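Participant: take a look and give me a structure for this.
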Amino acid sequence: MSKTFFYGKDHLTVGMALELVSAQCYGELHPDVLKKVNKSQQIVNSIVQGDKAVYGINTGFGPLCTTQISREDTEKLQDNILRSHSVGMGAMIPREIARLMLILKTHALSQGYSGIAPATLERLILHINKNIIPVVPSQGSVGASGDLAPLAHLFLPLIGLGQVFYAGEIVDTSKVFLKEGMKPLKLGPKEGLALINGTQFMAAFAARGLERMGICLDAADIIGAMTIEAMLGSVRPFAEELHRLRPYKGSQLVAHRLREMLTGSEMLASHANCGRVQDPYSMRCIPQVHGASRNAWLHLKEVTEIEINAVTDNPIIFDQNNIISGGNFHGQPIALPLDYATLATHEIGNISDRRTYLLLEGSIDGLPKLLMKNTGINSGFMLPQYTSAALVAENRSLCFPPSSDSVPTSMGQEDHVSMGAISARRLNEVIDNLEKILSVELVCAAQAFDFRRPMKSGNILEACHYLVREHIDHAEADRIFANDLEKGRHLIASGALVRCASEIAAAENVDLFGKYGSGFRL
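Facilitator: Purely as a prediction, here's the structure:
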């Protein structure tokens with residue numbers, strides 16, 4: 001039976017949020033939460049009955065904040081705000097991201113500071129549990145009053161509009177309502193504003209990016225270790241005592257992982273007394289470079305966990321006499337770490353491409369140039385590295401930080417915006433490319449491994465090499481390498497390569513995270 005998570009009551013981790021998305025965990029409302037939600041809604045209703053102007057409850061929005069709305073028009077205002085703010089464009093976001101947005105918004109609204117009606121929360125949970133997920137365009141948020149446009153699209157189905165993912169198809173909400181016997185909601189005062197104010201688009205993409213970036217970081221350590229093996233590199237730069245002198249969490253963790261994976265290697269033992277003084281930086285400095293990117297991942301994780309448990313709409317209702325119109329919706333706290341993580345992701349691809357180039361040079365005894373014996377008639381693995389280089393250049397161009405820009409909106413009322421929604425999407429674009437770059441190194445490292453036989457590596461890397469060879473054959477002559485690269489990308493992106501290493505490590509009672517891994521799990 002799946003675990004139960006109580007929206008608005010339990011602390012939400014990124015890992016738990018992802019479990020809710022995949023239905024490994026079930027979310028519901030606790031009676032204590034409903035009491036807080038009811039109280040907040042009652043405060044809103046009492047304000048509507050009075051004459052005092054309170055932003056977002058009986059006034060217009062943004063630059064129309066001084067325009068008071070009559071009691072009779074407050075309901076129409078909520079409907080209008082969803083319609084008028086549904087201005088998103090571009091490709092639709094993945095269904096899983098939209099589902100995660102629903103989950104995060106439900107958790108935020110359930111904390112009882114937003115004036116939302118219990119019936120509205122229950123409808124959101126119904127959408128989640130029945131997997132009726134709104135279609136949301138990817139472009140249009142400046143990350144100012146949160147993610148206005150994407151959130152407006154996310155909640156159009158509440159009033160019977162928009163489209164949804166349903167039973168494997170994209171269909172009009174009205175058709176789903178007919179089939180499910182559902183009716184549009186009539187939103188009460190402030191509900192429309194509470195729904196569209198918030199950072200759930202940014203936070204959802206951040207959570208998904210954390211999961212994907214974490215898999216890539218683990219895979220990069222494995223693939224880097226395979227390259228070190230094939231290149232007959234040295235394990236000495238990964239010594240524990242060395243990294244204690246510069247004790248960054250990420251560097252210490254990566255050095256630990258490399259030591260564990262390279263233990264028992266016949267390949268490394270075979271050249272223990274060779275005359276080579278030191279390895280190139282892309283091998284020797286893996287802990288420093290991969291480790292720095294892990295530190296960026298850790299920072300984004302800490303920020304994202306705060307964000308997904310935060311109340312980010314506006315105004316915030318504390319009690320009848322304390323309603324604050326502030327800026328909790330502003331995306332800057334998460335936008336900056338997202339840009340930092342994007343640069344850190346790019347650097348993993350940058351150093352991976354350098355290692356791929358080393359594998360092709362033919363400068364190390366036993367490895368033929370371009371990783372193929374009969375070159376001339378064959379180009380070998382020359383061109384996969386071209387792809388890697390192109391992807392690295394593309395990622396470099398994607399590293400401009402959107403958070404460094406701000407274009408005023410809302411007639412100057414929103415005169416500084418975070419652009420965090422672009423940062424969130426950009427991180428995942430760079431991860432897309434990183435998976436492909438790592439695939440090139442994986443395919444080349446596996447090819448190089450074959451030239452070291454009959455020597456063996458340790459059991460962890462042997463198992464990883466075997467996994468690659470189950471899907472990708474050794475190449476004796478040129479072929480369509482795009483097929484190999486896509487198979488390698490899938491092994492990385494699906495987590496299969498990382499699971500393989502983890503399973504062998506667990507079987508041998510080896511902890512690849514060890515005492516240095518605190519915090520580096522979702």
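
Participant: how is the protein carved up into domains?
Facilitator: 3-198, 205-313+326-405+414-516 (automatic domain parsing).

Participant: out of those, which gets nearest to Leu522?
Facilitator: The closest of the domains of the chain to Leu522 is domain 3-198. By CB to CB, the value is 3.8 Å. C-beta here means a position set from N, CA and C on the backbone, and glycine is covered the same way.

Participant: all strands for this structure, in order.
Facilitator: Secondary structure of the chain (DSSP state E): strands at 3-7, 25-29, 89-92, 133-134, 137-139, 163-166, 169-172, 316-319, 322-324.

Participant: packing partners of the shortest one?
Facilitator: Packing contacts for strand 133-134, counted by 3 or more CB pairs under 8 Å, 6 or more residues apart in numbering; DSSP states H and E, involve helix 95-109, helix 148-155, strand 163-166.

Participant: do the same with the second one
Facilitator: Strand 25-29 makes packing contacts with strand 3-7, helix 14-21, helix 95-109, helix 118-129 when contacts are defined by 3+ CB pairs under 8 Å, 6+ apart.

Participant: state the mean pLDDT of it.
Facilitator: Throughout strand 25-29, pLDDT has a mean value of 94.

Participant: list the buried residues in it.
Facilitator: Using 16 or more other CB atoms under 10 Å as the test for burial, strand 25-29 gives 25, 27, 29.

Participant: in contact with the last one, which residues?
Facilitator: It refers to Leu29. Neighbouring residues of Leu29 by CB atoms under 8 Å, 6 or more residues apart in numbering: 6-8, 110, 118, 121-122, 125.

Participant: and with 7 Å instead?
Facilitator: 7, 110, 121, 125 (CB atoms under 7 Å, 6 or more residues apart in numbering).

Participant: can you tell me how far the nearest residue to Arg208 once chain neighbours are set aside is from Ile196?
Facilitator: For Arg208, ignoring the flanking residues on the chain, the nearest one in space by CB to CB, 6 or more residues apart in numbering is Ile97 at 6.0 Å. Between Ile97 and Ile196 the distance is 17 Å, computed by CB to CB, to the nearest Å.

Participant: low-confidence stretches in this structure?
Facilitator: For the chain, the stretches with pLDDT under 70 are 1, 56, 60-67, 272-277, 411-413.

Participant: isn't Met213 up against Thr345?
Facilitator: Yes - counting by CB atoms under 7 Å, Thr345 is a contact partner of Met213 at 5.7 Å.

Participant: give me the number of residues near Pro368?
Facilitator: Neighbour count for Pro368, taken as other CB atoms under 10 Å: 15.

Participant: actually Val171, not the one I typed
Facilitator: Val171, neighbours per other CB under 10 Å, totals 15.

Participant: returning to that earlier point: any chance of the contacts of Leu29 in TSV, plus neighbour count and distance to Pro134?
Facilitator: Shown next, in TSV, are the contacts of Leu29 (neighbours: other CB atoms under 10 Å; distance: CB to CB, whole Å):
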residue	neighbour count	distance to Pro134
Tyr7	26	18
Ser110	26	19
Leu121	21	16
Ile125	18	14
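
Participant: now distance to Cys444 too, for those residues, in a markdown table please.
Facilitator: Below are those laid out as a markdown table (distance: CB to CB, whole Å):
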| residue | distance to Cys444 |
| --- | --- |
| Tyr7 | 47 |
| Ser110 | 50 |
| Leu121 | 52 |
| Ile125 | 48 |
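
Participant: and stretch 344-361, what's buried?
Facilitator: In stretch 344-361, counting by 16+ other CB under 10 Å, buried: 344-360.

Participant: quick one: the nearest residue to Gln278 once chain neighbours are set aside from Leu358, how far?
Facilitator: Of all residues not flanking Gln278 in the chain, Arg284 sits nearest, at 6.2 Å (CB to CB, 6+ apart). As for Arg284, its distance to Leu358 is 11 Å (criterion: CB to CB).

Participant: before we move on, what about Ile364?
Facilitator: Counting by CB to CB, the gap from Ile364 to Leu358 is 8 Å.

Participant: next: Lys76.
Facilitator: In terms of CB to CB, Lys76 sits 66 Å off from Leu358.

Participant: Thr345 touches Ile431, doesn't it?
Facilitator: Yes - between Thr345 and Ile431 there is a contact under CB under 7 Å: 5.7 Å.

Participant: out of the domains of the chain, the one nearest Gln320 is which?
Facilitator: Judged by CB to CB, the one of the domains of the chain that comes nearest to Gln320 is domain 3-198, at 5.4 Å.

Participant: hmm, back to that, for the contacts of Leu29, which one is nearest Asp415?
Facilitator: For the contacts of Leu29, the nearest to Asp415 is Ser110 (31.8 Å; CB to CB).

Participant: now the spatially closest residue to the closest one that is not a sequence neighbour: how far from Leu34?
Facilitator: Nearest residue to Ser110 in three dimensions, chain neighbours excluded: Gly8, at 2.7 Å (CB to CB, 6+ apart). Here Gly8 is placed at a distance of 9 Å from Leu34 (CB to CB).

Participant: looking at the two, which is more packed in?
Facilitator: Taking neighbours as other CB under 10 Å, Gly8 and Leu34 compare with Gly8 leading, 24 against 16.

Participant: give me the common contacts of Ile364 and Leu358.
Facilitator: Here Ile364 and Leu358 share the contacting residues Met231, scored by CB under 7 Å, 6+ apart.

Participant: ok, Ile286 touching Leu253?
Facilitator: No - counting by CB under 7 Å, Ile286 sits too far from Leu253 to count as a contact (11.6 Å).

Participant: enumerate the beta-bridge partners assigned to Gly198.
Facilitator: Note on Gly198: beta-bridge partners by DSSP bridges are Gly146.

Participant: picking up where we left off before, let's have the buried residues of strand 25-29 in JSON lines, adding distance to Tyr516.
Facilitator: Below are the buried residues of strand 25-29 laid out as JSON lines (distance: CB to CB, whole Å):
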{"residue": "Cys25", "distance to Tyr516": "28"}
{"residue": "Gly27", "distance to Tyr516": "33"}
{"residue": "Leu29", "distance to Tyr516": "39"}
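
Participant: and Leu187, what does it touch?
Facilitator: Taking CB under 7 Å, 6+ apart, one finds 75, 78-79, 120, 159 in contact with Leu187.

Participant: narrow those to those in helices?
Facilitator: 75, 78-79, 120 (DSSP state H).

Participant: any idea which of these is closest to Ile422?
Facilitator: Nearest to Ile422 among these, counting by CB to CB, is Gln78 at 28.1 Å.

Participant: what's the burial count for the closest one?
Facilitator: Around Gln78 there are 23 residues (other CB under 10 Å).

Participant: and for Gln49?
Facilitator: 9.

Participant: before we move on, what about Arg469?
Facilitator: For Arg469, the count of nearby residues is 13 (other CB under 10 Å).

Participant: ok, now which ones touch the nearest residue to it once chain neighbours are set aside?
Facilitator: Nearest-residue entry for Arg469: Ala446, 6.8 Å, with adjacent residues in sequence omitted and distances by CB to CB, 6+ apart. Ala446 sits next to 465, 468-469, 472 when contact means CB under 7 Å, 6+ apart.
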